[in-house]
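Engineer: Quick one, structure for this:
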Amino acid sequence: MADSSFRAPHLFDDDVEAMRQNPVPRPHAIVRPTVQAEAEAAHWKLNGDIEGCKTRGCFDLVKPTLSEYDAFDEAMRCLGCADAPCGHSCPAHIDVRAFVRAVSRHNYYEAAHVIYSDNPLGWTCSLLCSTSHQCRGGCNLNRLGKPIDIASIQQIACENFQKMRIPQVRPPVSTNPAFAQKITLIGAGPASLSCATYLARLGYTDVTILEKDATAGGIVSSEIPSFRIPNEVVQAEVRMVQELGVKIEYHKALGQEGRTLTSLKEAGSKAIFLGVGLPEPFSLPVFQNAPANVMTSKSFLRSVSFASKFSQGTLPQLHGHVLILGGGDVAFDSAKTAFRCGADRVTLAFREDIPQMPASWEEHYEGLRMKCDFLGNALPKSLVVADGKCTAVVMEMHNWQRQQGLYTEAETLTLNCSHVIVAFGAQLRDAAFLEPLTLARGRLPVNNQTMQSTQDPMIFAGGDLAGSHSIVEAVNDGKTAAWNMHCMLQRLGGGVAPLPDPSNPTMPRLHTVVDDVDVSVDLMGLHFPNPFGLSSAPPVTSVGMIKRAFAEGWGFAVTKTLCPDEMMVTNVSPRIVRDSTSNHHGPNQAGFMNIELLTEKSELYWVEGIRELKRDYPSHIVICSIMAPYEEKAWKRLAIRMAECGSDALELNLSCPHTGQKGTGMLAGQSPVAVREITRWVRDVVSIPVITKLTPNITAPLRLLPDLTVRLVPPATDISELAQAAMEGGAHAVTAINTVQSLVTVNPDATGWPNVGGLTAYGGLSGNAIRPIAYKCISMISRRCPSLPILGCGGIDSAETAIGMVHTGASVIQITSAIQDHCYAIVSELVAGTKYYLYSQAREDLRTQWNGQTPAREASAQGPLFTAPLTIPKLATQVARVVPRISIVPKMPLQEQKCAHLNPDTCLHCGKCYMSCNDTGYQSIRFNPDTHLPEFHDETCMGCALCFSVCPSGSISMVPKPVPHLVSRGIPNHAVPYPFLAKEDVLREKMTGVKAPAPLMPRTGEEHTAASHAPAH
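Structural biologist: Just a heads-up that it's a prediction; the model follows:
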């Protein structure tokens, strides 16, 4: 009979009040008065407009860097398109597809490397580009209505790269005298900074920029307010230019102190680049001798920029209604700045129809959100002046498209105002300093293919002066000019053959000390250029495919598994399908399942193909994968033939899960006896390395195929037993793992997928879905056979996951599914990320304070570059580092108790943590009904980390528990601190031989605060 003395209120019931916000199925429809619904909608509304007047005095960055979680989620949406339109739409032609994918793999170094290789002002452009007209406008996801936010992804990549403080490597000084020629650039704006960067990367050693102001950056520094781009962004990228040896001389303007184009030539300049911009505002006669409260956008924004960025001067004091004349991006900058300087209301008046205004979509939308007023079809006719101030502007209304007849011609409208800002663009009124050059329609005539002046071949120009309309176009002008200047200087200055071809630009990319890190691997007597290769699968279907992969940077390849000609196969179709757990189509699949068999090509094809591969790519490793029936003669004949044709090594396929022929593949590979015997057969007849490919599918083969003519002994109990057998058979290494046998899809009509004539089959699951299995299997092999090299395979799609596999015991990595998900080009991310990892291991700050490539909180882009000498470890030193740390649960220290800590500043208020803790945890989280902010309770938190795992914003971290860890036994007065659980101590000590840990002591207030700010694990 049950003891009722233990019954107490709520002893076996959850706290109903605490569960009130937990979702439950609705038993009936909800009745709620509209007035209540409206009040609740207002309470929870998050997408409200930002009234401009509420930004008064605030110059904080309006486009803060995305959180790492947001950047990752946005980057994961990218399709990775072929011939990606986003890259074509970028004026600087950045490989957008590549850097977005790198961010989706947490590889900020590679992302920034891609960006800065084609745009030396990548961080600047991420904040200032009108991407709706450029890269984002070309995104194929526009067809679905939501393109990738490319600029924000570029922003976090560049910012994190700057925080790494990695120095560039200057090209070695050339003995070619042409590289010593003097080059002068006028103006330190975006065009000149870009041109100088590429000239320095090409190897020119005497490159000087003359700047009239006290700071570099051009209008980015002097006219764009700090809430759009902080000064530290510009200075970080100016530093990168100077790091390459480019000299910047300040307070040296062309046309002053006798400094002219002619004098520069006489002083030895062999080429001159003009990046002076358009320094004067464009205006209309109506504004001549206007009152002081009528300003140009140039004077207004310049005064604001110098006051907000450099604390020089004071901010303009505005009030009341500010009228902005103009409809371009600068006019919208002026409008947003006017609010910050005190305006109560801002109106933009312009001559175009509103749909045709020249401003970008982003600026237009931001203006609407800030409650700006718009007046289209309006031209200023006259000013109304009273007491020395402009109190109104008379606007004459015109039909931008006359057939619409919106206005009667010469109709006027008077707009009262407190201030007027004229934003009609810029011009170069006095071009005397450019003599002997002359302007045409306010611009310097240049060949738009080379940016070379049509009046003087020694002079190049870019940016506003040459007719470009944006920062990124100016950057591209500088890059274009640098290449064509290089071609001219080499041709005329005694360059050494072969001279550069103007029609075939080969501009150097960004080069840092990380790029010089050696990631080669010496294994089995072979030298692998890098640790990444193609596994025996569809990416190596033909020799031509392997050639393309080698050309793109892969270090080695394992051929498609070859069998004796008498076993020639023909594949069924369809045979390669996505893993159904992904729940989406497109890239970034969780995995693939295939029922593809071996190569359909003959022995002779691969014999001749391997010979050609080794002839064309002698430094790359070619491993031939072979399979034969469980017959000694067949294995030996095939092994000898493929060794004689030039293969660097042989991989014995004892792991294919669906061959089904005479003891082939995993049917033999599950037996330690067969693995040992086949490996020995091959080792006896070849002198090149032999690699045995192991199966993770440890099952009883006779139950699968009762008609199997070759009876095998019972299978192994785990994969490490197979590895031991391979080593005993003489294997130089093993490959682990092959695909995991699976049935991925069962449709509602009881058919499977793939469906071949109404039938399906157990296929091989690959990709990210099997990575945990691969990690486990490789670590087990490494623990049991520590001297046996492992070629890791299974679920690697990034440098980050590849390093994880190295830590489990793999020396080199084979990849298939990630290529199927994207393409061969992923190798650049893999190699660059591995180089960065090894570099970071040599730097204590990156190794101990950063989490991979996630910056430490205190990391700054303003710190000095890290130039101290380093000893970079080899990849081999990282192999199997995690293996000694793999234990069993009873041996884990109970005193290391954690609890969850919430960062309320980044919390999304979604309640996922609350729901998971309620329904699958310990009900230790409460949910504020008014704010929806979770409330964590250290006393009842058991530290399971489920909330940490389901949080979509990374706002939860696991920190040392600041209070004694109380284990609830379910009965009152039976909840006691761990150290007093004597029975558990005794049991655990018997199992592990480890004595109970010291008692947990409550933390002080200071310790509690420190624990709350500890980094996430």
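Engineer: Mind pulling up the pLDDT for the residue nearest to Lys252 when sequence neighbours are not counted?
Structural biologist: Using C-beta to C-beta, 6 or more residues apart in numbering and skipping residues adjacent in sequence, the residue nearest Lys252 is Leu210, 4.3 Å away. For the C-beta atoms, the positions are set from N, CA and C on the backbone; glycine is no exception. Looking at Leu210, its pLDDT reads 97.
Engineer: doesn't Ser192 make contact with Leu210?
Structural biologist: No: using C-beta atoms under 8 Å, Leu210 is not in contact with Ser192; the gap is 9.1 Å.
Engineer: Now for the two: what residues contact both?
Structural biologist: Residues touching both Leu210 and Ser192 by C-beta atoms under 8 Å, 6 or more residues apart in numbering: 185-186.
Engineer: okay, these two: which has more neighbours?
Structural biologist: Ser192 (33 against 22; other C-beta atoms under 10 Å).
Engineer: State the distance from that one to Leu254.
Structural biologist: Distance of Ser192 to Leu254, computed by C-beta to C-beta, to the nearest Å: 12 Å.
Engineer: which residues are common contacts for these two?
Structural biologist: In contact with both Ser192 and Leu254: Ile186, using C-beta under 8 Å, 6+ apart.
Engineer: can you pull out the helices in the stretch 801-950 of the chain?
Structural biologist: Here the stretch 801-950 of the chain has its helices, by DSSP state H, counting those that start in this stretch, at 817-821, 827-842, 844-849, 912-920, 946-950.
Engineer: Assumed Pro380 was part of a strand.
Structural biologist: Yes: assessed with DSSP: H, G, I helix; E, B strand; the rest coil, Pro380 lies in a strand.
Engineer: what bits of the protein have low per-residue confidence?
Structural biologist: 1-11, 49-53, 401-405, 660-663, 699-714, 972-1017 (pLDDT under 70).
Engineer: rerun that using 80 as the cut-off
Structural biologist: Within the chain, the ranges that satisfy pLDDT under 80 run 1-17, 48-55, 400-410, 582-583, 658-663, 665, 667, 699-716, 968-1017.
Engineer: can you tell me which residue is nearest the centre of it?
Structural biologist: With distances taken as C-alpha atoms, centre = their mean, Val103 lies nearest the centre of the chain, 0.9 Å away.
Engineer: Looks to me like that one is in a strand.
Structural biologist: No: counting by three-state DSSP, Val103 falls outside a strand, being helix.
Engineer: correct me, but it touches Ile156?
Structural biologist: Yes: if you go by C-beta under 8 Å, Val103 and Ile156 touch, sitting 6.9 Å apart.
Engineer: so what's in contact with these two at the same time?
Structural biologist: Joint contacts of Val103 and Ile156 (C-beta under 8 Å, 6+ apart) are Ala71.
Engineer: related to what we said a few turns ago, what pairs with the residue nearest to Lys252 across the strands?
Structural biologist: As for beta bridges, Leu210 partners with Ile186, Glu249 under DSSP bridges.
Engineer: what separates it from Asn851, distance-wise?
Structural biologist: 44 Å.
Engineer: Ok, Leu318 next?
Structural biologist: 45 Å.
Engineer: These two - which one has more neighbours?
Structural biologist: Per other C-beta under 10 Å, whichever of Leu318 and Asn851 has more neighbours is Leu318, with 23 against 12.
Engineer: For that one, list the residues it contacts.
Structural biologist: By C-beta under 8 Å, 6+ apart, the contact list for Leu318 reads 338, 341-343, 418-419.
Engineer: which two of the residues you listed lie the greatest distance from each other?
Structural biologist: Cys341 and Ser418 (11.6 Å; C-beta to C-beta).
Engineer: what about the two, which has more around it?
Structural biologist: Legend: neighbour count by other C-beta under 10 Å for Cys341 and Ser418, higher for Cys341 (24 against 18).
Engineer: I figured that one hits Val304, correct?
Structural biologist: Yes: under the criterion of C-beta under 8 Å, Cys341 makes contact with Val304 at 6.8 Å.
Engineer: Tell me the spacing between Asp43 and Thr931.
Structural biologist: One thing to correct before we go on: residue 43 is His, not Asp. Separation of His43 from Thr931 (C-beta to C-beta) stands at 10 Å.
Engineer: ugh, typo on my part, it should be His251
Structural biologist: To Thr931, His251 is 55 Å away according to C-beta to C-beta.
Engineer: Give me the buried stretch members for stretch 351-370, please.
Structural biologist: The neighbour-count check on stretch 351-370 (16 or more other C-beta atoms under 10 Å) flags 351-352, 357, 359-360, 362-364, 366-367, 370 as buried.
Engineer: Can I get that stretch in PDB, CA atoms only?
Structural biologist: Written as PDB, here are the backbone C-alpha positions of stretch 351-370 (Å, rounded to 0.1, in the frame of the first residue of the first chain):
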ATOM      1  CA  ARG A 351      12.700  67.800 -59.500                       C
ATOM      2  CA  GLU A 352      11.900  64.100 -60.300                       C
ATOM      3  CA  ASP A 353       8.700  62.200 -59.600                       C
ATOM      4  CA  ILE A 354       9.000  60.300 -56.300                       C
ATOM      5  CA  PRO A 355       9.400  56.900 -58.000                       C
ATOM      6  CA  GLN A 356      12.200  58.300 -60.200                       C
ATOM      7  CA  MET A 357      14.200  60.000 -57.400                       C
ATOM      8  CA  PRO A 358      17.900  59.200 -57.900                       C
ATOM      9  CA  ALA A 359      18.500  58.000 -54.300                       C
ATOM     10  CA  SER A 360      18.900  54.300 -53.600                       C
ATOM     11  CA  TRP A 361      16.000  52.200 -52.300                       C
ATOM     12  CA  GLU A 362      17.800  51.800 -49.000                       C
ATOM     13  CA  GLU A 363      18.000  55.600 -48.500                       C
ATOM     14  CA  HIS A 364      14.400  56.100 -49.600                       C
ATOM     15  CA  TYR A 365      13.100  53.500 -47.200                       C
ATOM     16  CA  GLU A 366      15.200  55.000 -44.300                       C
ATOM     17  CA  GLY A 367      13.800  58.400 -45.100                       C
ATOM     18  CA  LEU A 368      10.300  57.100 -44.900                       C
ATOM     19  CA  ARG A 369      11.000  55.400 -41.600                       C
ATOM     20  CA  MET A 370      12.300  58.600 -40.100                       C
END
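Engineer: outside of that stretch, which residues touch it?
Structural biologist: Contacts of stretch 351-370 (C-beta under 8 Å, 6+ apart): 49-52, 55, 130-133, 327-329, 331-333, 335-336, 339, 346, 348, 350, 374, 376-379, 398, 400-401.
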